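Novice: Provided below are the primary sequence and the corresponding predicted coordinates.
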Amino acid sequence: MALAVDELNTATYEAKLDEIATDNAYDESPFFKLKLAKGGFTQQKGGEELNFAINYKKQGTAESAAPRKQITFENVETLTEGKTYWAFYNARAMMFWDEKVKNAGKSKVIDLAANRIEVLKKEILDKLCTDLLKSGSPAGDYDLTPIPYIVDSANTYGGIAVADAANWASQEDSSTTTLTLFGSGSLSYYINACSLGTNRPTLHLTTRNLYSKFMSKAEPMHLHMDEETAKLGFQNLVWIDAPVMGDNYVPAGYWLGLDMDAFDVLVNGGKNGIEYTPWIDLTPSGYINTAGKIATFVGQVICRRRRTSFKYSALDYTL
């Protein structure tokens, strides 16, 4: 019977090339990175609800009049309050007894404990991006409110119905299938339709296939990249003063034109809302000499002005 390990393998270490694992699992969305780069997240302590005030309509009392006309005093209420809630997320990891024994000393090429903390962070961010950009309503009472739900022409958001506040609605196109840059139903049309003073979409997120379609249409215009966005690692082209980029979390058929100044990311504690428990002894739970760690996120994404954002939901990149 041949020996299991020959002389050369006995005398030679395995060639471990890296001390850091290469990520092949987690994607990234620009939304959170761009909010961090341009002002960061807002720390908010306490509260049963997250309430924010908005002016939802014009007062309508301004007029031109003869200088001696008697003025009738009146007032029209223009202020109301939106309400949303805290979202709670967690992710878990363990270090088993045998892993703690074997992943130590000179045998430790990659620190498993440190790697699992980094994976927990990516796991939380992946879940946040998935829920934030999915189509449909929030899955439960502790979820982020999806941006495609907020950027909508009919959905009640923050407890305010569009029927009660006409300006509390976004531009929405659920029938156009062909992406066009100019003309009726085009990108420029919706940018114009949702512009309010100096406020307008400052970021366009779409699928990677639709981004490629956009590039093919915009190529003759020789558009440039936004350098700040590019430095964060995201390929983009600037269209009407706003970067356009493909995002793997955006649902098929969607294009989101977002006024990023209207969105806030509120968090409760931790660096950027993420906190980690100490390693917890799981021996009392039946896992001998095993430790567990939990990453948590408490926060919410809110929109204070819906009308300066728009969305498509039925675009076909093959057309």
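Specialist: Right, received. Where do you want to start?
Novice: spatially central, which residue of this protein would that be?
Specialist: For the chain, the residue nearest the mean C-alpha position is residue 31 (4.3 Å; Cα atoms, centre = their mean).
Novice: quick check: it touching residue 130?
Specialist: No: with contact defined as Cβ atoms under 8 Å, residue 31 does not reach residue 130; the gap is 11.8 Å. Bear in mind the C-beta positions are built from the backbone N, C-alpha and C, glycine included.
Novice: strands of the stretch 201-319 of the chain, start to end?
Specialist: 203-206, 237-239, 242-246, 255-258, 263-267, 274-276, 280-281, 291-303, 310-312 (DSSP state E, counting those that start in this stretch).
Novice: so for residue 161, which of those sits nearest?
Specialist: For these, the distance to residue 161 is smallest for strand 291-303, at 15.3 Å, taking Cβ to Cβ.
Novice: the closest one pairs with which strands?
Specialist: strand 87-95 (antiparallel), strand 263-267 (antiparallel), strand 274-276 (antiparallel), strand 280-281 (antiparallel) (DSSP bridges).
Novice: and whichever helix or strand the residue nearest to the centre of the chain is part of with strand 263-267, angle?
Specialist: In the assignment (DSSP states H and E), residue 31 maps to helix 30-37. Angle, helix 30-37 to strand 263-267, by axes from the mean of the first three to the mean of the last three Cα atoms, to 10 degrees: 80 degrees.
Novice: give me the buried positions along helix 30-37.
Specialist: 30-32, 34-35 (16 or more other Cβ atoms under 10 Å).
Novice: helices and strands around that helix, which ones?
Specialist: If you count contacts as 3 or more Cβ pairs under 8 Å, 6 or more residues apart in numbering; DSSP states H and E, helix 30-37 packs onto helix 112-133, strand 203-206, helix 227-231, strand 263-267.
Novice: tell me how far the ends of stretch 190-207 are from each other?
Specialist: Start and end residues of stretch 190-207 are separated by 18 Å (Cα to Cα, to the nearest Å).
Novice: and that stretch, how far out from the chain's middle?
Specialist: Relative to its parent chain, stretch 190-207 has a centroid offset of 17 Å by Cα atoms, centre = their mean, to the nearest Å.
Novice: mind listing what's buried in it?
Specialist: 190-191, 194, 200-207.
Novice: same check on stretch 141-160?
Specialist: In stretch 141-160, counting by 16+ other Cβ under 10 Å, buried: 143-152, 155, 157-158, 160.
Novice: where does pLDDT dip in the protein?
Specialist: Along the chain, segments meeting pLDDT under 70 span 1, 6-8, 10-23.
Novice: would a markdown table of the strands of the stretch 201-319 of the chain with distance to residue 103 be doable?
Specialist: A markdown table is the format used below for the strands of the stretch 201-319 of the chain (distance: least, Cβ to Cβ, whole Å):
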| stretch | distance to residue 103 |
| --- | --- |
| strand 203-206 | 39 |
| strand 237-239 | 45 |
| strand 242-246 | 38 |
| strand 255-258 | 43 |
| strand 263-267 | 32 |
| strand 274-276 | 19 |
| strand 280-281 | 18 |
| strand 291-303 | 12 |
| strand 310-312 | 47 |
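Novice: what's the closest of those strands to residue 164?
Specialist: Nearest to residue 164, of these and by Cβ to Cβ, is strand 291-303 at 17.0 Å.
Novice: so what's the gap between the closest one and the chain middle?
Specialist: Its chain's C-alpha centre and that of strand 291-303 lie 14 Å apart, by Cα atoms, centre = their mean.
Novice: buried set for that strand?
Specialist: In strand 291-303, counting by 16+ other Cβ under 10 Å, buried: 291-293, 295-303.
Novice: near residue 117, how many other residues are there?
Specialist: 15 (other Cβ atoms under 10 Å).
Novice: let me fix that, I meant to ask about residue 162.
Specialist: 17.
Novice: next one: residue 250
Specialist: Residue 250: 26 neighbours (other Cβ under 10 Å).
Novice: for it, give its distance to residue 207.
Specialist: Going from residue 250 to residue 207 by Cβ to Cβ, to the nearest Å gives 5 Å.
Novice: and residue 163, what does it touch?
Specialist: By Cβ atoms under 8 Å, 6 or more residues apart in numbering, residue 163 lies in contact with nothing.
Novice: quick check: end-to-end length of stretch 149-163?
Specialist: End-to-end for stretch 149-163, by Cα to Cα: 16 Å.
Novice: picking that back up, make a markdown table from the buried residues of stretch 190-207 and add distance to residue 236 to it.
Specialist: Conversion of the buried residues of stretch 190-207 to a markdown table gives the following (distance: Cβ to Cβ, whole Å):
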| residue | distance to residue 236 |
| --- | --- |
| 190 | 19 |
| 191 | 16 |
| 194 | 20 |
| 200 | 17 |
| 201 | 14 |
| 202 | 12 |
| 203 | 9 |
| 204 | 9 |
| 205 | 10 |
| 206 | 11 |
| 207 | 14 |
